[in-house]
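**Q** the following block contains a protein sequence and its predicted model.
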Amino acid sequence: MSLSAFTQPGSFWRGNLHTHSNLSDGCLDPAEVCRRYKAEGYDFIALTDHFIGIYKYPLLDTSEFRSEGFTTLLGAELHSGAMENGELWHILAVGLPADFAPSNSPAFVPVEDQETGPEIAARARDAGAFVTVAHPHWSGMTLADARSITAAHAVEIYNHGSEMGCDRGGGAHVLDLLLSEGRDLTLIATDDAHFTEPDHFGGWVMVKAPENDPDALLDALKNGAFYSTQGPELRILTVDKKAVHVDCTSAVSVIVQGHGSGARAVHGHSMTRASVPLDRFYNSPWLRVTVLDASGKRAWSNPFPNPSF
Ligand SMILES: [Zn+2]
Ligand SMILES: [Zn+2]
């Protein structure tokens, strides 16, 4: 939990961490997926196909799609064990080794004798991955489900595919409850692109790293040196005992959230700077920031400690 995205040296690199191809149920081949993201100005992506038996447990070594100004992280969406609603877990793992052992997950339904969600998440983290609880609302996830993934680094606060296809793209409710339980989590916005509907180029991360290099990006993700966005840029974010200070691209609202009902907003026109007072956050050990622009697009900071707590 830190503001390292705004204190650490380096540049911001734009990336999508949740992407499917025709190695699972996406409709484009991996090369075309990478071509489109690069053409749209992304610096990197993680191809994260569904790691299940009907697709032969795809975990492609995407290094062949790296080129000048564009890199890739290896990853997969892991599926093993049942959530409380009886459905199969979806856990995003970015930075997996190419030889990560298959789970016992023949298809999109839980079976006996397979790892639980918490177990496969821990195995991915132990293998070096940045692990995220994917699309909590889309999954119908309970708080107890989310709480059980103790290996998670992050929760998807926005999943563009789930938003466009189901109007269930959010994860902030579950995330905020876990933060109030003392969990040290970051948050990510992703596409979950399959290119089968308008599910691409809608949510991404801006990762602060010295260079656009897979290892540097993965380290920065694990260290929380990034923010998430649908478009607005966060440029400077500082906090003192009185206020959170934000420099950003043109915004209509800058909102700070914390424990329970704690929230405070500053509204305006074409704001590129705002200071949000912390008088409402006496009982919150953590804070985070949302910036909203005139077209309704959001940017989200990672959670950080409240110096006035
Ligand atoms: Zn999923
Ligand atoms: Zn997915």
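**A** Happy to help now that I have it. Ligands and ions are numbered 1, 2, ... in the order given.

**Q** how far away is the residue in the stretch 1-150 of the chain that ligand 2 sits nearest to from Gly161?
**A** Nearest residue of the stretch 1-150 of the chain to ligand 2: Glu77, at 4.7 Å (C-beta to the ion). No exception for glycine: its C-beta is placed from N, CA and C like everyone else's. Glu77 sits 12 Å away from Gly161, taking C-beta to C-beta, to the nearest Å as the criterion.

**Q** which residue does the protein have closest to ligand 2?
**A** Asp192 (4.2 Å).

**Q** in stretch 165-185, what's buried?
**A** 165, 169-172, 174-176, 178-180, 183, 185 (16 or more other C-beta atoms under 10 Å).

**Q** that stretch and ligand 1, are they touching?
**A** No: shown here: stretch 165-185 not in contact with ligand 1 (C-beta under 5 Å from the ion), separated by at least 11.3 Å.

**Q** surely Gly171 touches Thr132?
**A** No: using C-beta atoms under 8 Å, Gly171 makes no contact with Thr132, being 9.4 Å away.

**Q** hey, where'd the helices end up in the stretch 151-300 of the chain?
**A** Assigned by DSSP state H, counting those that start in this stretch, the helices in the stretch 151-300 of the chain fall at 160-166, 172-180, 214-222.

**Q** closest one to Phe44 among these?
**A** Nearest to Phe44 among the helices of the stretch 151-300 of the chain is helix 214-222 (6.1 Å), distances taken as C-beta to C-beta.

**Q** need the contact list for the closest residue to the residue of the stretch 1-150 of the chain closest to ligand 2 other than its chain neighbours.
**A** Spatial nearest neighbour of Glu77, excluding adjacent residues (C-beta to C-beta, 6 or more residues apart in numbering): Thr48 at 4.8 Å. By C-beta atoms under 8 Å, 6 or more residues apart in numbering, the residues touching Thr48 are 17-20, 75-77, 92-94.

**Q** hang on, the earlier thing: which neighbours do Gly171 and Thr132 share?
**A** Counting by C-beta under 8 Å, 6+ apart, the common neighbours of Gly171 and Thr132 are 155-156.

**Q** pick out the residue of the stretch 101-250 of the chain closest to ligand 1.
**A** Closest to ligand 1 within the stretch 101-250 of the chain is Ala134: 4.8 Å, counting by C-beta to the ion.

**Q** count the neighbours of that residue for me.
**A** By other C-beta atoms under 10 Å, the residues close to Ala134 number 29.

**Q** what's the pLDDT at it?
**A** Predicted confidence (pLDDT) for Ala134: 98.

**Q** any low-confidence regions in this structure?
**A** Of all residues in the chain, none has pLDDT under 70.

**Q** and the closest residue to ligand 1 within it, backbone torsions?
**A** Closest residue of the chain to ligand 1, C-beta to the ion: His90 (3.4 Å). Main-chain torsions, His90, degrees, to the nearest 10: phi -120, psi 110.

**Q** returning to what we had before: contacts only, for the spatially closest residue to the residue of the chain closest to ligand 2 that is not a sequence neighbour.
**A** Nearest residue to Asp192, sequence neighbours excluded (C-beta to C-beta, 6+ apart): Gly161, at 3.7 Å. Shown in contact with Gly161 (C-beta under 8 Å, 6+ apart): 135, 169, 191-194, 197, 199.

**Q** near ligand 2, which residues of the stretch 1-150 of the chain show up?
**A** Contact residues, the stretch 1-150 of the chain versus ligand 2 (C-beta under 5 Å from the ion): Glu77.

**Q** all helices for the stretch 1-150 of the chain, in order.
**A** 4-7, 30-39, 117-126, 136-139, 143-148.

**Q** for the ones you listed, state which one has the densest average packing.
**A** Mean neighbour count, computed with mean count of other C-beta atoms under 10 Å, is highest for helix 136-139 among the helices of the stretch 1-150 of the chain, reaching a mean of 22.

**Q** what's the burial count for the residue of the chain closest to ligand 1?
**A** Neighbour number of His90 under other C-beta under 10 Å is 24.

**Q** so what's it up against?
**A** Taking C-beta under 8 Å, 6+ apart, we find His90 in contact with 77-79, 134-135, 139.

**Q** quick one: name the residues of this protein near ligand 1.
**A** 90, 134.

**Q** hmm, 8 Å instead?
**A** Within the chain, the residues that sit near ligand 1 (C-beta under 8 Å from the ion) are 18, 50, 77, 90, 92, 134-135, 138-139, 159, 192.

**Q** in strands, which of those residues appear?
**A** Among these, the members falling in strands (DSSP state E) are 50, 77, 92, 159.

**Q** what about the second one, how many residues nearby?
**A** So the one you mean is Glu77. 25.

**Q** next: the third one.
**A** Leu92 sits with 29 neighbouring residues when counted by other C-beta under 10 Å.
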